[in-house]
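Participant: sequence? don't have it. structure:
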C-alpha cells in the first residue's frame, strides 16, 4: 500500500478535472465523483495506516520513492513521496475529514448556484493537502502548499457577491503569502546548505553537522515563517477569523482540520532539523504562548459561533506549536490528530445549527437541544473533547503537552532531547494552563448559549437531514475516543501513537504523571464549572465576558492588531505605494507601449490606404477582367448542340493540321 | 488493291456522316449519321489490317468491337430520342437548347413560365 501512495493525491486530482469539465452534466452535479474519489483514497490511506501500525522492529516505518525531475550539472532534483507514520496518520486525517465534509456539503450546499464548482475546488484542495502530506521534498510540498492557498482563497470567497467575503478571501491570501515568502526563502536556504530538497537528505546532513549551524537557524526560522502564516500564529493570525466568511463545511475542512494544520505538519516533518536550532524553538515557544492566550481571550467575547471556533482553532494550533517548541513532537502531532476530529465535528455541528436557525449569532440561538437532538449530542461530545473533559480526546493530548512543557521548564530538556530554554518552557507551561482554563470556559459558554436555556431567535429550528447529521455522528466517535491511542494503557512498545509516528530513536511511551493529571483535570473542570454556573440557564441578563470594561474592549477589538495592520501596512500601501506604482505604471512603464501603439496607429493608417488602393485594386481588377471575359464566353454557350459539335470538329481538324505540319 | 480506294471511301463516308451530324435537325438522322462515321472508321481498321497483313487481326477485331459499341449506343440513343418525342412531340435538335445561356444570342427563350407546359416548337 505505502509504495503506491501516489494514488491518494491522484484520485482527487482526477476528480477535480472530471467535475470541472463534466460535473454539471453528471448525476448529483459532480458531488458523487468527488465523494467516490476521496472514499477510494481513504481506503488506501487506511491500508497504509494498518501497515504502519502492524510494523514492528527497532527502526521506524519509512517508505520512500522518488523519480528524477531535473538531473544535469549540479542539480539533481527528484520528485517523490515519503510515507512514514507521520504521513500515514496525516493521510488518514485529511481523507476522513475531507470525505465527511464532502458528504456534509451535499446537504449543506444543496441548491447553491456554484455547487459544482464548490465540489471541484474541494477536490483540488484535498489534492493539495495530500501532496503536502506525501511529499518527500520541500519543493513538492511548496507546490501542494500553494494549491491549498489558492483553493482557500476560492472557498473563503465562495459568496463573493458580498464585499466583506471577497475582502476576507484577499486578506487570507495576502496574509499567508507573507509567511510563504519566508517559507520559500527557507527552502532556498536549506537547499543551499544541504544541496538537496529532500527531507531525508536535509535531516541526514543536519544531524551529521554538514550544514553550518547559522544556516540551520536561518533555514528553520524562515520555514517557521511559512508555518506561522498557514497555521495562523501571532503575528499572522488575523486572517483565520475573517476566513469564516466561507461556507461552514469549508471552515471545517480547511480552517480547522487540515490546511491550518499543515504548518504544524511542516515543522513536524523537519523536526530533527528544528531540534538542532534552539533559536527557532524558543521563538516558536514565545509566539505560541502569545497566540494561545490571546486567541483564547478573543474567543471569550465573540457572539458569532463560528468566530468562537475560529479563535479556538488559532489557540489550539498554538498549543501544537507550543508542544513542538518544548520537544513534544509526539504530543504536538497527537494534538493535531485529535483536534482535527473534534474541531471538524464542532464546525460541522455549528454549520448544522446555522442551517437550522439561519444566523451565526449565539444571541439569537439558545435552547436548541430540544429541536436538534442529534446535533446537540454530537456537539456536546465535541465541546467536552475541546474543553479537555477527562477521557475525551483533547484531555490526553493536552495532558501530554502540559507534561512536556513542565519537563522543559524544569530541566530545559524534553523527552526527545531537545534543548529549549527553561524560561521558554515555563512560559509555554503557564500559557497552556491559562489557555486550558479559558478554553474550558468559553467552550461551555458557547455550548450553553447555543443549546441551553430558551430559544431567543425568530426562526423555526429543526433537525438537519441525515447528510448533515451523519458526518457529525461519525466524527463524534474519534472526538470521544481518539485519545486512547496515546493513553497510558497503550504503553507497550509498538502499540501506541508515539511509536507509530516516531522518526528515530526509541519508541516514545505516553506518560501518566498523577500530579499532572490531577492538575489538568482540576483546571478543565474548573473552567467548565464556572462556565456552567454563569451560562447554564441560558443567556444571563449581563453577560460577564462582555462587561469586563477595558479588557472586553481590548478583546473585541482583537488587541488592535488588525487596526495596527490597517494603519501601518494596508493604508500606507494603498495610499502611497499604490499611488506611486500607479504613477510609475502610467508614465514610465506605459511609455514604450504607448509609443508602440501610436506607431501602430500610423502604420495602420498607411496599411489601410495601401490595402484599399493597391491590394484591392489588384483584387477588384482581376474580378473585373474575369467578368469581361465571362461576358464574351457566355455568347458561346447558346444551347445548340450542333454548334458545340461544330466547334469540336473544328478543333480536331485544327489539331490534325498542327500534328501533320510538324 | 491499292490502299487509296478504301481510304477514299472511308473519307467520303466520314464527311457525309459529319455533315449529317452538324447539319440535320432530325435527331434520328443525326444518329444515323453517327453510324455512318463509325462505319467509315471500321473501313479504315479493316483496310489497314489487310494492308499490314496483321496475323493477330487486330484491326478486324477492333472493328467488331466498334460495331458492338455502336449497336449499344444506338439503343441508348434511340431510347433518348423516343423519350424526347414523348415529352415534346418533336425530335428537332434545334429546339433542345434549354441548357444554353438564356441571354445568349442567337436564340433567346422568350417565354418560360415555371409552371407552364413544356414549350413546343414545331418546325417543318
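Facilitator: Arrived safely, thanks for sending. This is a predicted model, so every value here is computed, not measured.
Participant: quick check, distance from stretch A:362-374 to the centre of its chain.
Facilitator: Here the centre of stretch A:362-374 is set off from its chain's centre by 30 Å, with C-alpha atoms, centre = their mean, to the nearest Å.
Participant: now do stretch B:79-93
Facilitator: Stretch B:79-93 sits 15 Å away from the centroid of its parent chain (C-alpha atoms, centre = their mean).
Participant: what's the answer for stretch A:28-47, then?
Facilitator: Using C-alpha atoms, centre = their mean, the offset of stretch A:28-47 from its chain centre is 19 Å.
Participant: Low-confidence ranges, chain B, go.
Facilitator: For chain B, the stretches flagged by pLDDT under 70 are B:102-124.
Participant: Longest helix in it, please.
Facilitator: Longest helix in chain B by number of residues (criterion: DSSP state H): helix B:58-88.
Participant: Show me what that helix is packed against.
Facilitator: helix B:27-52 (3 or more C-beta pairs under 8 Å, 6 or more residues apart in numbering or on different chains; DSSP states H and E). Bear in mind the C-beta positions are built from the backbone N, C-alpha and C, glycine included.
Participant: can you state the direction angle for the helix it packs on and helix B:58-88?
Facilitator: 180 degrees (axes from the mean of the first three to the mean of the last three C-alpha atoms, to 10 degrees).
Participant: Can you point out the buried residues in helix B:27-52?
Facilitator: Neighbour counts over helix B:27-52 (16 or more other C-beta atoms under 10 Å in any protein chain shown) mark B:27, B:30-49 as buried.
Participant: Over to stretch B:87-95?
Facilitator: Those would be B:88, B:90-91, B:93, B:95, for stretch B:87-95 by 16+ other C-beta under 10 Å.
Participant: Does whichever residue of the stretch 351-500 of chain A sits closest to chain B lie in a helix or a strand, and which?
Facilitator: Of all residues in the stretch 351-500 of chain A, the one sitting closest to chain B is residue A:467 (69.6 Å; C-beta to the nearest C-beta). Taking DSSP states H and E as the definition, residue A:467 sits inside helix A:466-481.
Participant: pLDDT of that helix, averaged?
Facilitator: Mean per-residue pLDDT for helix A:466-481: 86.
Participant: so what does that helix touch, helix or strand wise?
Facilitator: Here helix A:466-481 touches helix A:85-108, helix A:329-357, helix A:373-387, helix A:393-411, going by 3+ C-beta pairs under 8 Å, 6+ apart.
Participant: and residue A:297, which of those helices is closest to it?
Facilitator: Minimum separation from residue A:297 across the helices and strands packed on helix A:466-481 (C-beta to C-beta) falls at helix A:373-387, 16.3 Å.
Participant: which strands and helices sit next to that closest one?
Facilitator: Using 3+ C-beta pairs under 8 Å, 6+ apart: helix A:373-387 touches helix A:329-357, helix A:368-371, helix A:393-411, helix A:422-451, helix A:466-481, helix A:514-535.
Participant: rewinding a little: so which of the buried residues of stretch B:87-95 comes closest to chain A?
Facilitator: Nearest to chain A among the buried residues of stretch B:87-95, with distances taken as C-beta to the nearest C-beta, is residue B:93, at 5.9 Å.
Participant: show me the contacts for that closest one.
Facilitator: Applying C-beta atoms under 8 Å, 6 or more residues apart in numbering or on different chains to residue B:93 gives the contacts A:641-642, B:24-27, B:30.
Participant: if we go to 7 Å?
Facilitator: A:641-642, B:25, B:27, B:30 (C-beta atoms under 7 Å, 6 or more residues apart in numbering or on different chains).
Participant: Would you mind listing what in chain A touches chain B?
Facilitator: When proximity is defined as C-beta under 7 Å from any C-beta of the partner chain, chain A approaches chain B at A:634-635, A:637-642, A:645-646, A:649.
Participant: And the helices in the stretch 201-350 of chain A, which stretches?
Facilitator: Taking DSSP state H, counting those that start in this stretch as the test, the helices found in the stretch 201-350 of chain A are A:213-230, A:239-242, A:248-252, A:262-269, A:271-275, A:278-300, A:305-325, A:329-357.
Participant: can I get those in JSON lines with mean pLDDT, distance to residue A:173 and mean neighbour count?
Facilitator: Output for the helices of the stretch 201-350 of chain A, formatted as JSON lines (pLDDT from 0 to 100; distance: least, C-beta to C-beta, whole Å; neighbours: other C-beta atoms under 10 Å in any protein chain shown):
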{"stretch": "helix A:213-230", "mean pLDDT": "88", "distance to residue A:173": "11", "mean neighbour count": "23"}
{"stretch": "helix A:239-242", "mean pLDDT": "84", "distance to residue A:173": "8", "mean neighbour count": "24"}
{"stretch": "helix A:248-252", "mean pLDDT": "87", "distance to residue A:173": "14", "mean neighbour count": "29"}
{"stretch": "helix A:262-269", "mean pLDDT": "90", "distance to residue A:173": "15", "mean neighbour count": "26"}
{"stretch": "helix A:271-275", "mean pLDDT": "85", "distance to residue A:173": "27", "mean neighbour count": "23"}
{"stretch": "helix A:278-300", "mean pLDDT": "88", "distance to residue A:173": "21", "mean neighbour count": "24"}
{"stretch": "helix A:305-325", "mean pLDDT": "89", "distance to residue A:173": "17", "mean neighbour count": "29"}
{"stretch": "helix A:329-357", "mean pLDDT": "88", "distance to residue A:173": "21", "mean neighbour count": "28"}
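Participant: Which one, of those helices, ends up nearest to residue A:35?
Facilitator: helix A:248-252 (12.6 Å).
Participant: what does that closest one contact?
Facilitator: With contacts defined as C-beta under 7 Å, 6+ apart, helix A:248-252 is touched by A:101, A:104-105, A:108, A:155, A:158, A:244, A:306, A:344, A:347-348, A:350-351, A:354.
Participant: so which of the residues you listed comes closest to chain B?
Facilitator: Distance to chain B across those (C-beta to the nearest C-beta) is lowest for residue A:158, with 65.9 Å.
Participant: gap between that closest one and residue B:85?
Facilitator: 83 Å (C-beta to C-beta, to the nearest Å).
Participant: Lovely, talk soon.
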